[in-house]
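*Asks:* Dropping a prediction and its sequence here:
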Amino acid sequence: MALEQEVKPYNEQESKKSQVSTMFDNIAPWYDFLNHFLSLGIDISWRRKTIRELRDLAPQNILDVATGTGDLAIEAERQLNPKKIIGIDISNEMLEVGRTKLLKNNLSSTIELQIGDSENIAFPDNSFDAVTVAFGVRNFENLNKGLAEILRVIRPGGKAAILEFSKPTVFPFKQLYNFYFKNFLPVIGRITSKDPKAYSYLYESVQAFPDSERFVNLLCELGFKSVDFKPFTLGICTLYIATK
């Protein structure tokens with residue numbers, strides 16, 4: 001199972017991975033502000049709930065894939081107090097914003113942010129107790145390959161916590177959500193980040209993503225065990241928890 005169609009931010013010629021990297025480099029200075037502003041701050045609670053699901057596991061070594069500016073990694077450090085968190089991302093500009101936050105909060109000794117490709121994770125098999133991803137798997141060029149890599153680097157008994165946008169189904173919230181994401185977000189993106197296409201891509205990529213039961217089925221097909229999912233905020237996003 002994979003995306004029905006490959007949605008790219010800018011054009012059909014260049015690879016999705018290259019375009020996603022360029023897009024996040026372009027919007028990096030405004031990314032955190034827009035995340036919190038456009039979600040009315042609810043994204044903070046989504047990340048908090050995601051990490052809370054790993055408390056019983058008490059992971060000491062965590063990999064945060066598509067870490068961006070490091071918000072989920074910082075939340076993991078706050079709740080779980082692990083020995084080490086490594087965040088990887090293909091956008092260096094996003095990582096630079098994240099490194100500034102780590103320095104400001106004296107977290108650089110626990111959290112390390114580095115350039116890394118989710119589809120070719122540069123760590124041995126069974127390296128991590130847990131792998132986290134927030135709003136990143138939707139951007140994978142090859143979804144199956146990226147998820148298989150996540151499974152590979154988790155130790156047996158370890159967990160993956162994947163937070164991703166999904167599609168609400170309840171009337172009239174579904175219609176309001178679609179209007180907001182399709183029409184309002186690109187306008188805000190144009191005014192603030194100067195890259196309106198990034199927020200058009202957000203809507204388009206969410207529509208193409210195989211969410212809810214379909215994503216659960218995909219995780220099971222790839223070899224994850226005990227897969228469960230929890231919709232947040234009437235289905236705006238969904239948390240998937242899976243064990244190796």
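*Replies:* Yes, it's here. Numbering: from 1, shown residues only.
*Asks:* drop to CA atoms for contacts and neighbour counts, all remaining ones
*Replies:* Noted.
*Asks:* Secondary structure of P156: a strand, I assume?
*Replies:* Yes: the assignment for P156 is a strand, going by DSSP: H, G, I helix; E, B strand; the rest coil.
*Asks:* ok, it - how many residues close by?
*Replies:* P156 is flanked by 15 other residues according to other C-alpha atoms under 10 Å.
*Asks:* Ok, L40 next?
*Replies:* Based on other C-alpha under 10 Å, the number of other residues close to L40 is 10.
*Asks:* tell me which element it falls in.
*Replies:* Element membership for L40 (DSSP states H and E) is empty, with no helix or strand holding it.
*Asks:* Ends of stretch 81-92, what's the gap?
*Replies:* Chord length of stretch 81-92, first to last residue, is 26 Å (C-alpha to C-alpha, to the nearest Å).
*Asks:* What residues of that stretch count as buried?
*Replies:* Going by neighbour count (16 or more other C-alpha atoms under 10 Å), the buried part of stretch 81-92 is 82, 84-92.
*Asks:* swap in stretch 146-157?
*Replies:* Neighbour-count burial for stretch 146-157, counted by 16+ other C-alpha under 10 Å, picks out 146-155.
*Asks:* Show me those residues that map onto helices.
*Replies:* If you go by DSSP state H, those have 146-153 in helices.
*Asks:* average pLDDT across stretch 162-173?
*Replies:* Mean per-residue pLDDT for stretch 162-173: 91.
*Asks:* chain center to it: distance?
*Replies:* Relative to its chain's centre, stretch 162-173 lies at 16 Å (C-alpha atoms, centre = their mean, to the nearest Å).
*Asks:* if we can go back for a sec, going by distance to L72, which of the ones in helices among the buried residues of stretch 146-157 wins?
*Replies:* I150 (16.3 Å; C-alpha to C-alpha).
*Asks:* Give me the packing partners of the lowest-mean-pLDDT helix or strand in the chain, helices and strands only.
*Replies:* Within the chain, no helix or strand scores below helix 185-192, which has a mean of 74 by mean pLDDT, DSSP states H and E. Identification of packing neighbours for helix 185-192 by 3 or more C-alpha pairs under 8 Å, 6 or more residues apart in numbering; DSSP states H and E yields helix 196-208.
*Asks:* elements contacting the helix it packs on?
*Replies:* Packing partners of helix 196-208 (3+ C-alpha pairs under 8 Å, 6+ apart): helix 185-192.
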